[in-house]
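Engineer: model this:
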Amino acid sequence: MSDYETIIYKVDGTAATITMNRPDRLNGIVNTMMRELYDCLNQVARDNSIRVVQFTGAGKGFCPGADLKANTAGEAQEPNKSEYFHISTLLHEMPKITVAAINGACAGAGFGWACACDLRYAAASATFNSAFLGVAISGDMGGPWTLPRIIGAQKARELYFMPGKFSAGEAEQMGLVARTFDDETFRDEMSAIMKRLANSAPLAVGEMKKNFVNAESMSLRDYIELETERHSRVGKSADTKEAFLAFVEKREPNFQGR
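Structural biologist: I've put the predicted structure just below:
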């Protein structure tokens, strides 16, 4: 496990948590954070022991996008690389369940990263904003690709073309987040969700994630051919046999990832 300056990476069994860690700036993005997130997510994507990844922020913010204060003040930053903008690709495509635990302000690139995750949950006090047009930029991190698939094309365009803050309750109502939780219980609720997901059968989780990703670009006929092959292959695994036996014996299954 690597040491990072701007993020915290922790593993608990089969669950990983990546925490953006610049709480004094509400986790505003600088180039070092981009590099560290890209590096960390690549490590997670290759780690077969990880089944689920929680993506969250330290302190009172999730991620408000770029640290504009650092940019306008001319603070020295390391060079950025174009591949770092594929953080969204990693969150969306890696064969793990990615979960955005949105604990505060979520805007700009942070908004794009949240949209790239498989699941999104929010604390009641969290706020959202696409934000890009508010600072006269066209945007990054894939939001116009991911967001219409979550809430529909027209609403996604409205959120980008007419940016403004909206609440966690509004985000839940439009289907952007799956659920909101009281601030006081948010971390406990997320721990319970992560525990449930982390106990899932790893082979089935990985192949199911691939199913969703592949379905975005395939015809139904071609997709079903691929889905059926995976279904048949996973169904012959030791984990599936264990799940069937555990169901009959009314106990929790013990998955081995094979």
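Engineer: burial count for the residue nearest to residue 233 when sequence neighbours are not counted?
Structural biologist: Distances taken as Cβ to Cβ, 6 or more residues apart in numbering place residue 207 nearest to residue 233, at 7.9 Å, with adjacent residues excluded. C-beta: built from backbone N, CA, C; applies to glycine. By other Cβ atoms under 10 Å, 19 other residues sit near residue 207.
Engineer: just the CA atoms of the helix or strand hosting residue 207, as PDB, please.
Structural biologist: Element membership for residue 207, per DSSP states H and E: helix 202-215. What follows is helix 202-215, C-alpha atoms only, in PDB (Å, rounded to 0.1, in the frame of the first residue of the first chain):
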ATOM      1  CA  PRO A 202     -16.400 -12.000  -6.200                       C
ATOM      2  CA  LEU A 203     -16.600 -13.800  -9.500                       C
ATOM      3  CA  ALA A 204     -20.300 -13.000  -9.900                       C
ATOM      4  CA  VAL A 205     -19.700  -9.300  -8.900                       C
ATOM      5  CA  GLY A 206     -16.800  -8.900 -11.400                       C
ATOM      6  CA  GLU A 207     -18.700 -10.400 -14.300                       C
ATOM      7  CA  MET A 208     -21.900  -8.500 -13.400                       C
ATOM      8  CA  LYS A 209     -20.000  -5.300 -13.500                       C
ATOM      9  CA  LYS A 210     -18.600  -6.200 -16.900                       C
ATOM     10  CA  ASN A 211     -22.200  -7.000 -18.100                       C
ATOM     11  CA  PHE A 212     -23.300  -3.400 -17.300                       C
ATOM     12  CA  VAL A 213     -20.300  -1.900 -19.000                       C
ATOM     13  CA  ASN A 214     -20.600  -4.000 -22.100                       C
ATOM     14  CA  ALA A 215     -24.400  -3.500 -22.400                       C
END
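Engineer: mind listing what's buried in it?
Structural biologist: Going by neighbour count (16 or more other Cβ atoms under 10 Å), the buried part of helix 202-215 is 202-210.
Engineer: could you check how far the residue nearest to residue 233 is from residue 237?
Structural biologist: Using Cβ to Cβ, to the nearest Å, residue 207 is found at 10 Å from residue 237.
Engineer: please apply the same query to residue 144.
Structural biologist: 38 Å.
Engineer: same deal with residue 69?
Structural biologist: On the measure of Cβ to Cβ, residue 69 and residue 237 end up 51 Å apart.
Engineer: same check, this time on residue 38
Structural biologist: 32 Å.
Engineer: what of residue 140?
Structural biologist: Taking Cβ to Cβ, one finds residue 140 at 39 Å from residue 237.
Engineer: do residue 174 as well
Structural biologist: 38 Å.
Engineer: which of the two has more neighbours?
Structural biologist: residue 237 (19 against 16).
Engineer: leaving out chain neighbours, which residue sits closest to the more buried one?
Structural biologist: In space, residue 237 is closest to residue 203, 5.4 Å off (Cβ to Cβ, 6+ apart).
Engineer: might you report the residue contacts of the one you found?
Structural biologist: 234, 237, 239, 257-258 (Cβ atoms under 8 Å, 6 or more residues apart in numbering).
Engineer: just residue 204 next, same as before
Structural biologist: Per Cβ under 8 Å, 6+ apart, neighbours of residue 204: 234, 239-240.
Engineer: where does the chain have its least confident helix or strand?
Structural biologist: helix 68-72 (a mean of 77; mean pLDDT, DSSP states H and E).
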